[in-house]
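Colleague: Next comes the sequence, and after it the predicted model I'd like to discuss.
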Amino acid sequence: MLDRLRLITAWIASLLYWVVGGGGFLFLCVLLPLIFCRERAKLIGQGALRGAFQGFLRVLRFFDIVECEYVGFDRLRAQTGGMIVAPNHPALWDAVFVLAEVDHMACVLKASLMCNPILFGGATAAGFIPNEPTHKMLRQCIDTLKAGSRLLIFPEGTRTRLDHGPLNDFQGGLAVVAKNAAVPVWPVYVQTNSRYLSKGWSLWQLPTEKIRLRMTVGEPLSYPKGGEPMGFLNELRQRYVTALESNAR
């Protein structure tokens, strides 16, 4: 009974955290462009959102809901210039854990999430890119990377479907962006012991166990000169399959 009460309390605290934070970011996304140039406003927005994500993770740790082990993220933080950070996507909140650990990074997100009043302000302030329409998304991604920014893209395009095995097929847009922006793709291998917030898991359904995550940075892969998109995606996807199988042993 006490354990379930702890989970319910953590859920309510998380909801209140984001309702208040969402309101603050709505104000911020309007204010920043009035004071700073576009790029400076975006950097400040990304920093503020990272701080909000870090605070949210502290709330979860306080209630002993989740623990996350980061491996190799110092390599990402040490990089300069444009790069794609590409995690696999077992759960809804994967982006939160990555963005809390790496600063000055935009993200490609589902377009419908931009209609969520809690998420809109933070996503707008941080320069996040909706995934629709596709042609506009690709152009914004390429321009963002050519300007030297970091960009979070989920190669699977959506959360992993369990009936697809360890990974969904990778989306062709990643190859288009990597090729035209001429930046490396840094894979991040995400493993978890829980199905919480996986595809089909209701946001209102509480976890059944403490959630443990391990996020491991792999070796970067650049689009080869004269290469084919499917060859690039297949090589990249195989790295995930190999790493996830190896780490699961």
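Modeller: Cool, got the structure. Here the structure is a predicted model, which is why all the values come from computation and not from measurement.
Colleague: residue ranges for the helices of the chain, please.
Modeller: For the chain, the helices defined by DSSP state H occupy 2-35, 38-62, 73-78, 94-101, 117-125, 134-146, 172-181, 229-248.
Colleague: Please tell me the pLDDT value assigned to the residue nearest the centre of the chain.
Modeller: The C-alpha lying nearest the average C-alpha coordinate of the chain belongs to A95 (C-alpha atoms, centre = their mean; 2.4 Å). Looking at A95, its pLDDT stands at 96.
Colleague: out of the helices of the chain, nearest to Q191?
Modeller: Minimum separation from Q191 across the helices of the chain (C-beta to C-beta) falls at helix 229-248, 5.9 Å. Any C-beta I mention is one placed from the backbone N, CA and C, and that applies to glycine too.
Colleague: Can you list the buried residues in the closest one?
Modeller: Neighbour counts over helix 229-248 (16 or more other C-beta atoms under 10 Å) mark P229, F232, L233, L236, R237, Y240, A243, L244 as buried.
Colleague: for stretch 93-104, same thing?
Modeller: Quick answer for stretch 93-104 (16+ other C-beta under 10 Å): W93, D94, A95, V96, F97, V98, L99, A100, E101, V102.
Colleague: partners of the nearest residue to the third one once chain neighbours are set aside in the sheet?
Modeller: In space, and not counting its chain neighbours, A95 is closest to C107: 5.8 Å by C-beta to C-beta, 6 or more residues apart in numbering. When bridges are called by DSSP bridges, C107 pairs up with L152.
Colleague: Surely C107 and D94 touch.
Modeller: No. Distance between C107 and D94: 10.6 Å, which falls outside the contact criterion (C-beta atoms under 8 Å).
Colleague: Quickly note the distance from I129 to C141.
Modeller: I129 sits at a distance of 6 Å from C141 (criterion: C-beta to C-beta, to the nearest Å).
Colleague: Quick check on these two: which one has the bigger neighbour count.
Modeller: C141 (25 against 22; other C-beta atoms under 10 Å).
Colleague: Done for today, thanks.
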